[in-house]
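Trainee: sharing a sequence plus its predicted fold:
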Amino acid sequence: MPPVMGRLTFRIPQRTRRQTMFKKITVIALALASAWATHAQAQGYPNKPIRVVLGYTAGGAADAVARPLMRVLEPLLGQAIIVEPKPGTAGGVAAEFISKVAPDGYTLYLADGGPFTTAPHLSKVSYHHLNSFTHIGHVCSTGSIMVVHPTSPFKSVADVVAAAKKEPDKWSYGTSGIAGPHHFSGELLKSVSGVNLLHIPYKGGAPAMTDLMGNQVPMLFSSLAAAVGPYKSGKLRALAVTSPKRSGAFPDVPTMDELGYKGFDSTGWFELMGPAGMAPELVARLSQALLKAGEDKNLQEQFKQLGCDAEFLTPAQTVEKIKSDHAKWGKVIKDANIKAE
């Protein structure tokens, strides 16, 4: 018979055990120290100026929203807030930048929804629309407005839909550009009404509005801010706004929902956000200040004049809105076969 093998016993030297235990204690101590440092930092936050980046150049809609908002936030946070434009790829450059900064609460982003709800469906981006960021709070919403020349035969959205069904290859609409918020408004109307309208993209809202007032394009989905002046001076007729509620800047203009397209919601919006990994105490401090700023009547009025209705939301509500819009616009982009320029 072959010999029976005995049980092998390995003894770990005491020195090795001590080294392993020391490493574990060191890891735990470092983790505790890091957590304590983060907590201590959050307790004294903010103790220096805060930088808020924008995805567009100065003088645009983002800048117009940021300036009055930061003036209200500064005394609530007790620090100066420096606004810094980082334009490029419709907010994508700023989104990529903010996803990589330190999560210490001193570099934030006043962002519009595009980089998180539409851009990921149009091209590859370097960030995740939710997980790469800390979403602090939604600030305000602005829809598109559907307008025609005052001499147009179209008195209502129903007139447009009826004409497009009767002559499906005849009618078109203009916007400020491909894959912009107003383009999506037009495509959403096409989707829910079942009509065909040719999209005519312009290189910006100004030339599009000029052509509409010159009666060179049948209809336009425009920003509210660009339409306020011409509307008040009688140079255009407004048919509907694309937001769920009537706009404060156009209280007499109905929503698409009111006109029978239930649940129609095509709104752009702004939110305050930071990089992923921000301490809960920092988020709470900023969210509380943001919600308090939202109670300022003067700020609400300034937003109203911009065509951006104040709608301050909690972090959780903001995340849910992004999820909903990301799914909705993904379907619209796929169904309409929209491609980035």
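Mentor: Arrived safely, thanks for sending.
Trainee: all the strands of the stretch 151-300 of the chain, residue numbers only.
Mentor: 172-175, 198-201, 219-223, 237-241, 267-275 (DSSP state E, counting those that start in this stretch).
Trainee: can you give me the buried ones in stretch 229-238?
Mentor: Within stretch 229-238, the residues that count as buried by 16 or more other C-beta atoms under 10 Å are 230-231, 236-238. No exception for glycine: its C-beta is placed from N, CA and C like everyone else's.
Trainee: endpoints of stretch 123-131, how far apart?
Mentor: 18 Å (C-alpha to C-alpha, to the nearest Å).
Trainee: any idea where the helices of the stretch 201-341 of the chain begin and end?
Mentor: Counting by DSSP state H, counting those that start in this stretch, the stretch 201-341 of the chain has helices at residues 205-213, 224-232, 280-293, 297-305, 315-336.
Trainee: of all these, which one is nearest residue 172?
Mentor: With C-beta to C-beta as the measure, helix 205-213 is the member of those nearest residue 172 (11.2 Å).
Trainee: does anything pack onto that closest one? Which helices or strands?
Mentor: Helices and strands touching helix 205-213, as assessed by 3 or more C-beta pairs under 8 Å, 6 or more residues apart in numbering; DSSP states H and E, comprise strand 172-175, strand 219-223, helix 224-232.
Trainee: and that helix, how far from the chain's centre?
Mentor: 25 Å (C-alpha atoms, centre = their mean, to the nearest Å).
Trainee: again, but for stretch 98-114
Mentor: Averaging C-alpha positions (C-alpha atoms, centre = their mean) puts stretch 98-114 12 Å from its chain's average.
Trainee: got it, and stretch 63-72?
Mentor: Relative to the centre of its chain, stretch 63-72 is centred 16 Å away, using C-alpha atoms, centre = their mean.
Trainee: for that stretch, buried residues please.
Mentor: 64-66, 68-70, 72.
Trainee: what count of nearby residues applies to residue 293?
Mentor: The local packing of residue 293 (other C-beta atoms under 10 Å) involves 25 other residues.
Trainee: what sits closest to it if chain neighbours are left out?
Mentor: Once flanking residues are discounted, residue 293 sits nearest to residue 72: 4.4 Å by C-beta to C-beta, 6 or more residues apart in numbering.
Trainee: what's the helix or strand containing that neighbour packed up against?
Mentor: Per DSSP states H and E: residue 72 is located in helix 61-77. Applying 3+ C-beta pairs under 8 Å, 6+ apart, one finds that helix 61-77 contacts strand 50-54, strand 81-85, strand 107-112, strand 133-148, helix 280-293, helix 297-305.
Trainee: can you give me how far whatever helix or strand comes next after the second one is from the chain middle?
Mentor: Tracing the chain C-terminally past strand 81-85 and defining elements by DSSP H and E, one meets helix 92-98 next. Mean-position distance between helix 92-98 and its chain equals 13 Å (C-alpha atoms, centre = their mean).
Trainee: now residue 170, what are its backbone angles?
Mentor: In terms of degrees, to the nearest 10, the main-chain angles of residue 170 are phi -100, psi -30.
Trainee: what's the neighbour count on it?
Mentor: By other C-beta under 10 Å, 12 other residues sit near residue 170.
Trainee: next one: it from residue 248, what distance?
Mentor: According to C-beta to C-beta, to the nearest Å, residue 170 stands 35 Å off from residue 248.
Trainee: and what of residue 83?
Mentor: For residue 83 relative to residue 248 (C-beta to C-beta), the value is 24 Å.
Trainee: coming back round to it: could the helices and strands packed on helix 205-213 be laid out in JSON lines, adding mean pLDDT and distance to residue 161?
Mentor: Below are these laid out as JSON lines (pLDDT from 0 to 100; distance: least, C-beta to C-beta, whole Å):
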{"stretch": "strand 172-175", "mean pLDDT": "95", "distance to residue 161": "12"}
{"stretch": "strand 219-223", "mean pLDDT": "94", "distance to residue 161": "11"}
{"stretch": "helix 224-232", "mean pLDDT": "89", "distance to residue 161": "21"}
